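Asker: Got a predicted structure plus its sequence, pasted below:
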2 protein chains.
Amino acid sequence: MSLRREYKTKQKELILDCVKRTQSTHSSAEQLLAHLRNSGEDIGLATLYRNLNRLVLEGVVVKYPGLGKNSASYQYIGKPEEHSRHYHLICLNCGKLVHLDCDKVEGFAEHIRATHEFTLDFKKTVFYGRCNSCVQVEAQSLRSADD
Amino acid sequence: MSLRREYKTKQKELILDCVKRTQSTHSSAEQLLAHLRNSGEDIGLATLYRNLNRLVLEGVVVKYPGLGKNSASYQYIGKPEEHSRHYHLICLNCGKLVHLDCDKVEGFAEHIRATHEFTLDFKKTVFYGRCNSCVQVEAQSLRSADD
DNA sequence: TTGCGTGCAAAGGTTTTGCATGGCA
DNA sequence: TGCCATGCAAAACCTTTGCACGCAA
């Protein structure tokens, strides 16, 4: 039963920094890699995936399985201790992340537990939809274009 | 700009039938294929994928990108006109899928839209958590074992 | 010095695509 | 008879894994 010590490496820090900096929009592994390259840092793809998986396990990063295309997206949501009892809203169009801090949510979760016998996990649950500005943009393009 | 006529084929009907019959639990392409084989029908994998994609486009089937493993799951939700706004609860422990048909949900969604300027997409949003039986089992194992 | 982390390349698995053939209309 | 749909196999794709080397502690 060996204790697994964790080493602090340059790559690990770069990756964490990168997802923190891009937290307003979820990014694919490839996009994150590009970001890093723009900063002059090159990191192996395998290393990136390994670290992302670790961060997901730690709970500070959320993984969204291939929404638009096929590749998964990753997004920094902060340390578990810090994002207590709030949920996340993600815009399917622009990728914007919104923190939902609201009393109503607690009431809703309680209702689900009491009536539907299901305990929501606010760390894992992400609400998808459209933010207001994207709803408006889409409504507009529906009016102008038609197919 | 050619009109694209759609043909009615045996495979198409079989696939639609299959997703309809299995709508209580979302299934991967491989699982659907197995279902079909059990009924004595063999269909090409490519055909299955092509038709599933078409059904997703039509809006009668929802695709959940690789939740547990890597493969995506598909689920029949009915014609857009027919499926009322219900959400899905998925147990993180046993994988059980629960349909959440509830007035409170509508009220909640409306609150999100009005107050938080965000329109929920009930096709894409999945609530994760634990079903009651799994909560109980886990509580029990916490008592007996400790790690 | 120990052994975890990295990078590369290869493997793994899922989904898509090209092409010849089959079948609906 | 047109041409869409199918089936097969190959390709494309994303992600994981094996292995040797580098590097943190």
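Answerer: Right, received. Where do you want to start? On a predicted model such as this, the values are computed, not experimentally measured, just so you know.
Asker: list the contacts for A:Lys63?
Answerer: A:Leu52, A:Val56, A:Ala72, A:Ser73, A:Tyr74 (CB atoms under 8 Å, 6 or more residues apart in numbering or on different chains). For glycine as for every other residue, the C-beta is placed from the backbone atoms N, C-alpha and C.
Asker: of all these, which two lie farthest apart?
Answerer: A:Val56 and A:Ser73 (11.5 Å; CB to CB).
Asker: Looking at those two, which is more packed in?
Answerer: Each of A:Val56 and A:Ser73 has its neighbours counted (other CB atoms under 10 Å in any protein chain shown); A:Ser73 has more, 21 against 14.
Asker: how about low-confidence regions in chain A?
Answerer: Residues of chain A meeting the criterion pLDDT under 70: A:1-2, A:66-69, A:80-86, A:92-95, A:123-124, A:137-147.
Asker: List, one by one, the residues from chain A near DNA strand C.
Answerer: Within chain A, the residues that sit near DNA strand C (CB under 7 Å from any atom of the strand) are A:2, A:4-7, A:9, A:11-12, A:42-47, A:50-51, A:70.
Asker: A:Val19 belongs to a helix?
Answerer: Yes: assessed by DSSP: H, G, I helix; E, B strand; the rest coil, A:Val19 belongs to a helix.
Asker: So it is in contact with A:Ser73, correct?
Answerer: No: at 10.7 Å, A:Val19 and A:Ser73 do not qualify as touching, with contact defined as CB atoms under 8 Å.
Asker: re earlier: filter the contacts of A:Lys63 down to the ones near chain B?
Answerer: Subset of these in contact with chain B: A:Ala72, counting by CB under 8 Å from any CB of the partner chain.
Asker: Which one of the contacts of A:Lys63 is nearest to B:Leu33?
Answerer: Closest approach to B:Leu33 among the contacts of A:Lys63 (CB to CB): A:Ala72, at 24.2 Å.
Asker: separation between the closest one and B:His99?
Answerer: As judged by CB to CB, to the nearest Å, A:Ala72 and B:His99 stand 26 Å apart.
Asker: What's the PyMOL line that selects buried ones from the residues of chain A next to DNA strand C?
Answerer: To isolate the buried members of the residues of chain A next to DNA strand C in PyMOL, using 16 or more other CB atoms under 10 Å in any protein chain shown:
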select buried, chain A and resi 11+12+43+51
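Asker: Mark which of the residues of chain A next to DNA strand C are part of helices, please.
Answerer: A:Gln11, A:Lys12, A:Leu45, A:Ala46, A:Thr47, A:Arg50, A:Asn51 (DSSP state H).
Asker: which two in those are spaced the farthest apart?
Answerer: A:Lys12 and A:Leu45 (15.1 Å).
Asker: you'd agree A:Val62 is in a strand?
Answerer: Yes: secondary structure assignment places A:Val62 in a strand (three-state DSSP).
Asker: show me the contacts for it.
Answerer: Contacts of A:Val62 by CB under 8 Å, 6+ apart are A:His26, A:Val56, A:Tyr74, A:Gln75, A:Ile77, A:His88, A:Val126.
Asker: Any idea what it is bridged to?
Answerer: For A:Val62, the beta-bridge partners are A:Gln75 (DSSP bridges).
Asker: residues near A:Lys10, how many?
Answerer: 9.
Asker: before we move on, what about A:Val105?
Answerer: 20.
Asker: Can you say which helix or strand has it in it?
Answerer: helix A:103-116 (DSSP states H and E).
Asker: what's in contact with that helix?
Answerer: Taking CB under 8 Å, 6+ apart as the rule, helix A:103-116 contacts A:85-87, A:118-120, A:122, B:89, B:98, B:100, B:102, B:104, B:108, B:111, B:115, B:127, B:129.
Asker: who are the neighbours in contact with the residue nearest to the spatial centre of chain A?
Answerer: For chain A, the residue nearest the mean C-alpha position is A:Gln75 (3.0 Å; CA atoms, centre = their mean). Residues counted as contacts of A:Gln75 (CB under 8 Å, 6+ apart) are A:Val19, A:Thr22, A:Gln23, A:Thr25, A:His26, A:Ser27, A:Val61, A:Val62, A:Tyr64, A:Ile90, A:Leu97.
Asker: Which residue is the nearest non-sequential neighbour of the third one?
Answerer: For A:Gln23, the nearest residue in space outside its immediate sequence neighbours is A:Tyr76; the separation is 4.0 Å by CB to CB, 6 or more residues apart in numbering or on different chains.
Asker: which residues touch that neighbour?
Answerer: A:Leu16, A:Val19, A:Lys20, A:Thr22, A:Gln23, A:Leu55, A:Val60, A:Val61 are the contacts of A:Tyr76 under CB under 8 Å, 6+ apart.
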